[in-house]
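# sequence first, then the predicted structure:
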Amino acid sequence: MRKRLFAAFLAAATPAAWAANAIKDPAAGWDRLWFEVLVDISILGIVFALITTYFIIRYRRRSADEVGRAGKLTVAAAVGWTVIPMFVFMADDFFLAANGWQLWNTYRQPPADRLEIKLESGMYSWDYTYPNGVQAQNVLKVPAGKPVLLRMTSRDTIHSHFIPDFRVKEDSMPGRVTYLWFYPQKPGEHIVTCAEYCGIMHSYMVGKVVVVPEAEFTAWYAQEEKKLAEAGARKKGV
Ligand code: CUA
């Protein structure tokens, strides 16, 4: 257990490891960064609590009529007590911010071997269009083991496509095209929810990502394409 924790910590502490992983699976990258935040604030919190505890004991009142007196600090000590704790906090802040920035930039370069699906959001649904023209509403079926990119816009107001399990969230808005991508690795279902207040039914604007084995997806995809072609032919009266 300790060995595993240490390995996770090492992985978290290596920006290069994040960058390498982020391309494959952004969710793992964000999870590691979050783990790093938890570790860092815990260490800082414990260190500062210990120092405070020491001061409370060291400078406690020793008799009922004792009156406190503050010794005058030298300029160097005053500056030191201000700058050193601030530097410790800021150094960690900048470290985390830099890693977040790097992960974000890596994330914004989606993998080339992706499945790219168009998404139009509207009050109150998620309307997906696959590359072969097949459409789906609120339920996005995708194959396991392939990165999925959503190219998004909106037909009315601002919505935000949020898939908590994959740690991705991005606004979709009228007159502008945005994107997000994620890497579903094994079959399962994941909630999609709107994360931008978009109207009275905002809280009902939910859907799901259904990850299925690749073969199952391919079969479904071909069948839906066939249905679409047949419907088109009927319309034309062929
Ligand atoms: Cu769409 Cu909130």
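On my side now, so go ahead.
# how is this structure carved up into domains?
2-107, 115-236 (automatic domain parsing).
# right, is the last one up against the ligand?
The reference is to domain 115-236. Yes. Using CB under 6 Å from any ligand atom, domain 115-236 comes into contact with the ligand via 159, 194, 196-198, 202, 205. (C-beta placed from N, C-alpha, C; glycine too.)
# ChimeraX command to pick out the buried ones of those residues?
The buried subset of those, as determined by 16 or more other CB atoms under 10 Å, is captured in ChimeraX by this line:
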select :159,194,196,198,202,205
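# tell me which of the residues of domain 115-236 next to the ligand fall in strands.
In this view, the residues of domain 115-236 next to the ligand that belong to strands under DSSP state E are 159, 194.
# roughly how far does the nearest residue to Glu116 once chain neighbours are set aside sit from Gln223?
Spatial nearest neighbour of Glu116, excluding adjacent residues (CB to CB, 6 or more residues apart in numbering): Leu149 at 4.8 Å. Using CB to CB, to the nearest Å, we find Leu149 at a distance of 23 Å from Gln223.
# neighbour count: these two, which is higher?
Set Leu149 next to Gln223 and count neighbours by other CB atoms under 10 Å: Leu149 wins out with 17 against 11.
# so the more buried one, which of the three states?
Under DSSP: H, G, I helix; E, B strand; the rest coil, the three-state class of Leu149 is strand.
# just name the most buried of the domains of the chain.
Among these, domain 115-236 has the highest mean neighbour count (mean count of other CB atoms under 10 Å), at a mean of 16.
# from the opening residue of that domain to its closing one, how far?
End-to-end distance of domain 115-236 (CA to CA, to the nearest Å): 30 Å.
# tell me the mean pLDDT over that domain?
Domain 115-236 shows a mean pLDDT of 95 in the predicted model.
# same thing with stretch 82-102?
Mean per-residue pLDDT for stretch 82-102: 91.
# ok, back up a step: export the residues of domain 115-236 next to the ligand as TSV, with columns for distance to Trp101.
Compiled in TSV, these are given as follows (distance: CB to CB, whole Å):
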residue	distance to Trp101
His159	26
Cys194	27
Glu196	23
Tyr197	28
Cys198	29
His202	31
Met205	30
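# just the ones in helices from the residues of domain 115-236 next to the ligand, please.
Among the residues of domain 115-236 next to the ligand, no member is found in helices (DSSP state H).
# out of the residues of domain 115-236 next to the ligand, which is nearest to Ala91?
Glu196 (34.3 Å; CB to CB).
# any idea which residue sits dead centre in this structure?
For the chain, Arg167 is the residue whose C-alpha lies nearest the centre (CA atoms, centre = their mean; 3.2 Å).
# return the backbone torsion pair for that residue.
Backbone torsions of Arg167, given as degrees, to the nearest 10, read phi 60, psi 30.
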